[in-house]
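Peer 1: I would like to see how this sequence folds:
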Amino acid sequence: MSEPVTTSTATAYVFTAGLLTLLPGVDPGVVIGAFTGSLLFIISDDSSGHWRKAGLFIISFLGGLLCAQWAANLLSLALPSTIAVNPAMASIIAAASVVRLLQKLTSEPDTLLDFIRSFRGKK
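Peer 2: Numbers count the residues shown, from 1 in each chain. From the prediction side, this is the model:
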């Protein structure tokens, strides 16, 4: 049985995530959280094709980076005020959720159109 991810691929991913933590203005916790959430998504995804998984990983990683603060705010609304939500932890949830949400919206075109129409208002 072949491995789903080779050692060199995993090393390249970890090296890239490590380099991104060195960029100024980027929270290292959010980068590592988005990376972890992307890996969790890829491991749980049962789609075939390595290019598809690589593309979904990139979308999930970027979604985790961009939506970390938004997810932290959303979680803080849902949890009691005594619990502080860290954006690094929220980036794990955002990265694992953003692609799944996009897949759900695009799998059923009628649902996507109804979703878009709900923002435009009824005429």
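
Peer 1: where in this structure is the helix or strand with the lowest mean pLDDT?
Peer 2: helix 109-120 (a mean of 70; mean pLDDT, DSSP states H and E).

Peer 1: list the contacts for residue 44?
Peer 2: residue 96 (Cβ atoms under 8 Å, 6 or more residues apart in numbering). To be clear about C-beta, it is placed using only N, CA and C from the backbone, and glycine gets the same treatment.

Peer 1: could you do residue 103 as well?
Peer 2: Neighbours of residue 103 in contact, by Cβ under 8 Å, 6+ apart: none.

Peer 1: name the residue closest to the centre of the protein, please.
Peer 2: residue 95 (1.4 Å; Cα atoms, centre = their mean).

Peer 1: buried residues in the helix or strand where it lies?
Peer 2: Taking DSSP states H and E as the criterion, residue 95 maps to helix 87-107. Neighbour counts over helix 87-107 (16 or more other Cβ atoms under 10 Å) mark 87-99 as buried.

Peer 1: and these, which is closest to residue 21?
Peer 2: Nearest to residue 21 among these: residue 88, at 11.1 Å, using Cβ to Cβ.

Peer 1: the closest one contacts residue 35, doesn't it?
Peer 2: No. The pair residue 88 / residue 35 is not scored as a contact, 10.7 Å apart, by Cβ atoms under 8 Å.

Peer 1: for the protein, just list every one of the helices.
Peer 2: Ranges of helices in the chain, per DSSP state H, are 7-20, 28-44, 50-66, 68-78, 87-107, 109-120.

Peer 1: tell me which of those sits most buried.
Peer 2: Sort these by mean neighbour count, taking mean count of other Cβ atoms under 10 Å, and helix 28-44 sits at the top with a mean of 21.

Peer 1: returning to what we had before: tell me who's in contact with the residue nearest to the centre of the chain.
Peer 2: So residue 95 contacts 33-38, 40-41, 60-61, 63-65, 67 (Cβ under 8 Å, 6+ apart).
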